[in-house]
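Enquirer: Everything below, folded, please.
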Amino acid sequence: MQILLTYPADGLRYFQSMVPLGLLSIGTVVRGAGYSVKIIDFNHYRGNFKKDLAYWKPGIVGIGGTTPSRMKSFAIARKVKQVLPDAIIVYGGVNATFTAREVLEKIPEIDFVIMGEGDLSFKTLCDSLLQPPHEIRKDIPGLAYRSGDRVILNPPKRINDLSVLPIPDRNLLEGDYRLDMDFIKGKAEPIITSRGCPAKCNFCAASQMFPGGERYRPMDQVGREIEYLVKRKKIDGLKVFDSTFTANRQQVLAFCETVKPFNLKWECEIRADTVDFVLLRTMKEAGCYYINMGLESSDAERLKKIAKGISTDQALKVLDDCRELGILAKVFFTFGHPGQTWKECRQDIQFIREHRNSIDFYAVTPGLKVYPGTRLEKEARAAGWLPASFSWVTSRTSLKNLILFEPSNTVILFQKGLGPWRLLQVILILLFDGLYSSREYMVRMVKELFRFRTKRWRSPPSRG
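Expert: Here you go, the predicted model:
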């Protein structure tokens, strides 16, 4: 084996594990270039990793992952180097993109980081490492590497033409990736039709990870992927994982025309300012049965401060239209924004109560999560909410997280007046009102909390 691509386990998981489509795209690209490649997703892998490494002997090991699973990504790197000291380890993904310098300064086991979209840059890096003269190209877009005591960060280059990327080959994955459809019985497959997001919400890094606006896959290619998915195995629907599926009206209409003959149910994520009754009706007629929509807060000033770019009136109009059309709706609310008060939280709770009959699923997050690369991260550092000693590569889970049923190594913004106990109060109020997500979700969450046994990863060693 020449290339092994790995994805760390999510750990405690209240929802279904997602198919690592980004890693799958990279694997499809490098296999198309003639390399032997294997993908391991530790959410499903049941082998002995060290023994398998010794048998496979990959020359390059790529590691993906998210911010909450970053410590497990580093643990994978350490295990690989223990078994195969000469293997080249490459770290990539959203978290890697915005922590590349710190990773290379403090995680000696990781040799390179690919920042931004890694599909083509990783393939170019593999070419330079695996083909004569076996010299590393230092001009690869998005490549971060060490040069003596310095860390060099090459600016990422976005992929303007998504048609150059092949349809991700699901056969590279092992394990059970059956995704249950929400609210209705049936199995679904994930699909992405675009990259990028028109919004610049302060808590999200999507616009920084995929800068320059949205890009769209050719619809004929999307159609071929849907045809491939339905022929590969029996499915009942699709989960469209675009950041904002409805950002481009013509693209939505083209998708509806493409997907309709397959008679599949599907869900997507929308913005309240990108849809109207006519578009939603067209989506419904093409099989859309369920939409996800972020509102975050009912306060107009708060929405401006977080750069949400929508109003509550727009969101309520969408909910009314969905109710009339028979489209189910999930709405995201977040408590704990910078400067948010307890009074404001109570107003949001009252808003949720008043509109409980228009919302089918409440995705409530008590405690704003901080991610690298976001404007929120900069605000949190400037305000001292993140201590000066904070590090994305050495930090451990705060015990305060457990108060909010969040055992992962996720950074939650705790402020004076909205600390963990106040945010827990939000959970309890909504829970007893029957408005904290769903009772089924809460039962599953409690079961997972009792069942889960957290692995304590050692702090990664410092260089030198």
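
Enquirer: Next, the buried residues of stretch 175-195.
Expert: Residues 177, 179, 181-182, 188-195 are the ones in stretch 175-195 that count as buried (16 or more other C-beta atoms under 10 Å). From N, CA and C alone the C-beta is placed, and that goes for glycine too.

Enquirer: If you rank every helix and strand of this protein by mean pLDDT, what lands last?
Expert: Least confident element among the helices and strands of the chain, by mean pLDDT, DSSP states H and E: helix 439-451 (a mean of 56).

Enquirer: Please name the nearest non-neighbouring residue to the residue nearest to the spatial centre of the chain.
Expert: The geometric centre of the chain, computed from its C-alpha atoms, lies nearest to residue 66 (C-alpha atoms, centre = their mean), at 6.9 Å. Once flanking residues are discounted, residue 66 sits nearest to residue 95: 6.0 Å by C-beta to C-beta, 6 or more residues apart in numbering.

Enquirer: buried set for the helix or strand encompassing the one you found?
Expert: Assessed by DSSP states H and E, residue 95 sits inside helix 94-106. Neighbour counts over helix 94-106 (16+ other C-beta under 10 Å) mark 94-100, 102-106 as buried.

Enquirer: so what's the residue of the chain most remote from its centre scoring on pLDDT?
Expert: In terms of distance from the mean C-alpha position of the chain, residue 133 ranks first, at 37.0 Å (C-alpha atoms, centre = their mean). Model confidence at residue 133, given as pLDDT, is 85.

Enquirer: now residue 436
Expert: Listed pLDDT for residue 436 reads 69.

Enquirer: What of residue 53?
Expert: Looking at residue 53, its pLDDT stands at 97.

Enquirer: Repeat that for residue 76.
Expert: 97.

Enquirer: Could you list the low-pLDDT ranges of the stretch 251-400 of the chain?
Expert: The model of the stretch 251-400 of the chain has no residue with pLDDT under 70.

Enquirer: Please enumerate the strands of it.
Expert: Using DSSP state E, counting those that start in this stretch, the strands of the stretch 251-400 of the chain run over 265-270, 288-296, 328-335, 361-366, 369-370.

Enquirer: Tell me the spacing between residue 77 and residue 92.
Expert: 12 Å (C-beta to C-beta, to the nearest Å).

Enquirer: From the chain's centre, how far out is the helix or strand harbouring residue 53? Work that out for me.
Expert: Assigned by DSSP H and E, residue 53 belongs to helix 49-56. In terms of C-alpha atoms, centre = their mean, to the nearest Å, the centre of helix 49-56 is found 29 Å from the chain centre.

Enquirer: what does it contact?
Expert: With contacts defined as C-beta atoms under 8 Å, 6 or more residues apart in numbering, helix 49-56 is touched by 1, 4, 38, 40, 79-80, 82-84.

Enquirer: which one of those sits closest to residue 350?
Expert: Lowest distance from residue 350 to the contacts of helix 49-56 (C-beta to C-beta) belongs to residue 40, with 47.4 Å.

Enquirer: before we move on, which element is the residue lying closest to that closest one once chain neighbours are set aside in?
Expert: Counting by C-beta to C-beta, 6+ apart, residue 6 is the residue found nearest to residue 40 once chain neighbours are left out, at 4.8 Å. Element membership for residue 6, per DSSP H and E: strand 3-7.

Enquirer: and the angle for that strand with helix 49-56?
Expert: Strand 3-7 and helix 49-56 are oriented at 160 degrees to each other (axes from the mean of the first three to the mean of the last three C-alpha atoms, to 10 degrees).

Enquirer: Just name whatever secondary elements strand 3-7 is in contact with.
Expert: With contacts defined as 3 or more C-beta pairs under 8 Å, 6 or more residues apart in numbering; DSSP states H and E, strand 3-7 has these neighbours: helix 21-32, strand 37-41, strand 60-63.

Enquirer: Appreciated, that's everything.
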